[in-house]
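Student: sequence first, predicted model second:
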Amino acid sequence: MRVGLDVRVVTGRLTGIEAASAQLVAAVAAAGAGNEYVLFGSGPPTPHLRQVLRHPGVVYQPIGAGSDVEWVQLRLPTFVEKCRVELLHSTAFFLPVARTRGWACAKVVSIYDVIFRILPETFRPEVRDHFDRWTAAAATVADHIVVPSQCTARDLAQCYSVPRDRITVVPLGPGPHIRRLDPATARRAARRYVDDGPFMLCVSTVGPRKNHARLLRAYAGLGRVPHRLVLAGLLDRPGDIPRLIRELGLEGRVVLCDHVPDHHLNALINAADIFVYPSLYEGFGMPVLEAMACGVPVAASSTSALPEVVGDAGLLFDPRDTGSMVEALATLVEDRARREQLREAGLRRAPRFVWGTAARQVLDLYGQLHRAAPNSCRSH
């Protein structure tokens, strides 16, 4: 079977959905021997994609730059037909809506969340409306939809009236850079960002949904604890965070980092005493999984998909209730035995989420669709 993979979001700097798409493509290419894969991108292949191209049967097809609409709706269908793709998998939200005149193929789309419908106030109106319109279109024309959590499956079915039998939950895995380090090695590497001493870590981009303001207020509510708070992954856009730190009198106790390279991020996670994730909504929550895989005790929001990832391996709090967050953090700061218990629980739970399993699920889905419509991918 010749499979087309839309990799337009796999750019040089991989965070969130981009990282998930990149890892899924790599895992599918590694596990799916016997298929041919055409990777459709907008420019030269990134270093990550060049690694994927080492697998047999994988080729890269650049199809030019353009807006989402131009790229997906106009350019991509032409190359799908030209390359005689039998199944097209868009790894991030959008699919061609119109059928090409000379070729038809099965269509799969990965939709990671519908935050723009659940928390519309956290998006600029034009961005919210763009995602809503084209996600709705993709959900309508897709033969099948891949989502990372039961939460996203429920929200997608409710928001766009998608039958649940057209949705498959494929949990994500941690990044390839994530591995356990011995404490001394982790601390040495982490000194690039934070001085010696205990710290709690939050890895997240900036935005209202990420809930940094409540986290800072909860941290201030802990009083003079020995742990500093490290906010990493801010991508050079800290927003109002520095001002709030000054207002709360937290100068010198909160460390701000912008984009942290993967190998440094792994060390920073390993060196943390506590990992905290206060997001209001996540379609999955990969940073929480990565902390558990490194043996770091987790405190996370009790909303959206995060409880599916955390299970009983972390403390959950109401992300809209600062007092609830304070209580969870205080428990982890003060109770060494509880931290150790959650560290071990996280290490036991994290291996349930691996990219090899995700790839096998996706490949099984490809096979089912191909067998169910053996004559649909053809000239017409």
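Tutor: Looks like it arrived, so ask away. Numbering: from 1, shown residues only.
Student: all contacts plus neighbour counts: C-alpha atoms, from now on.
Tutor: OK.
Student: low-confidence stretches in this structure?
Tutor: For the chain, the stretches flagged by pLDDT under 70 are 12-15, 99-103, 235-238, 373-380.
Student: again, only this time at 50
Tutor: Across the chain, the ranges flagged by pLDDT under 50 are 376, 379-380.
Student: and Leu39, its phi and psi?
Tutor: phi -90, psi 120 (degrees, to the nearest 10).
Student: quick one, what contacts it?
Tutor: Gly4, Leu5, Asp6, Val7, Val58, Val59, Tyr60, Gln61 (C-alpha atoms under 8 Å, 6 or more residues apart in numbering).
Student: Ala232 too?
Tutor: Leu201, Cys202, Val203, Ser204, Thr205, Leu256, Cys257, Asp258, His259, Val260.
Student: so the residue most central in space within the chain versus Gly283, what's the distance?
Tutor: By C-alpha atoms, centre = their mean, the chain has its centre lying nearest to Gly16, at 3.7 Å. Per C-alpha to C-alpha, to the nearest Å, Gly16 is found 10 Å from Gly283.
Student: could you list the residues in contact with the helix or strand containing Ala328?
Tutor: Ala328 is part of helix 322-334 when elements are defined by DSSP states H and E. Helix 322-334 has contacts (C-alpha under 8 Å, 6+ apart) with 214-215, 217-219, 221-222, 225, 227, 274, 297, 299, 315-319, 338-339.
Student: how about that helix: buried residues?
Tutor: For helix 322-334, a neighbour-count test (16 or more other C-alpha atoms under 10 Å) marks Thr322, Gly323, Ser324, Met325, Val326, Glu327, Ala328, Leu329, Ala330, Leu332, Val333 as buried.
Student: domain ranges for the chain?
Tutor: 2-173+354-375, 183-352 (automatic domain parsing).
Student: how long is the last one end to end?
Tutor: Using C-alpha to C-alpha, the span of domain 183-352 from its first residue to its last is 24 Å.
Student: spatially nearest residue to the residue nearest to the centre of the chain, not counting backbone neighbours?
Tutor: What sits nearest to Gly16 in space, not counting adjacent residues and going by C-alpha to C-alpha, 6 or more residues apart in numbering, is Met286, at 7.7 Å.
Student: right, and that neighbour touches Gly173 too?
Tutor: Yes. Counting by C-alpha atoms under 8 Å, Gly173 is a contact partner of Met286 at 7.2 Å.
Student: quick one: buried ones out of the contacts of Ala232?
Tutor: Buried among the contacts of Ala232 by 16+ other C-alpha under 10 Å: Leu201, Cys202, Val203, Ser204, Thr205, Leu256, Cys257, Asp258, His259, Val260.
Student: what segments of the stretch 1-150 of the chain are strands?
Tutor: Under the criterion DSSP state E, counting those that start in this stretch, the stretch 1-150 of the chain contains strands at 2-6, 36-41, 58-62, 87-90, 103-104, 106-110, 144-147.
Student: actually, the stretch 151-300 of the chain.
Tutor: Along the stretch 151-300 of the chain, the segments classed as strands by DSSP E, counting those that start in this stretch run 167-169, 199-203, 228-232, 254-256, 274-277, 298-301.
Student: ok, the third one: who's next to it in the sheet?
Tutor: Each strand paired with strand 228-232, and its direction, by DSSP bridges: strand 199-203 (parallel), strand 254-256 (parallel).
Student: possible to save those strands as TSV with distance to Leu74?
Tutor: Converted to TSV, the strands paired with strand 228-232 look like this (distance: least, C-alpha to C-alpha, whole Å):
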stretch	distance to Leu74
strand 199-203	37
strand 254-256	42
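Student: quick one: which of those strands is nearest Trp355?
Tutor: With C-alpha to C-alpha as the criterion, Trp355 lies closest to strand 199-203 of those, at 20.9 Å.
Student: tell me which of the contacts of Ala232 is nearest to Gln51?
Tutor: Closest approach between the contacts of Ala232 and Gln51, by C-alpha to C-alpha: Val260, at 21.4 Å.
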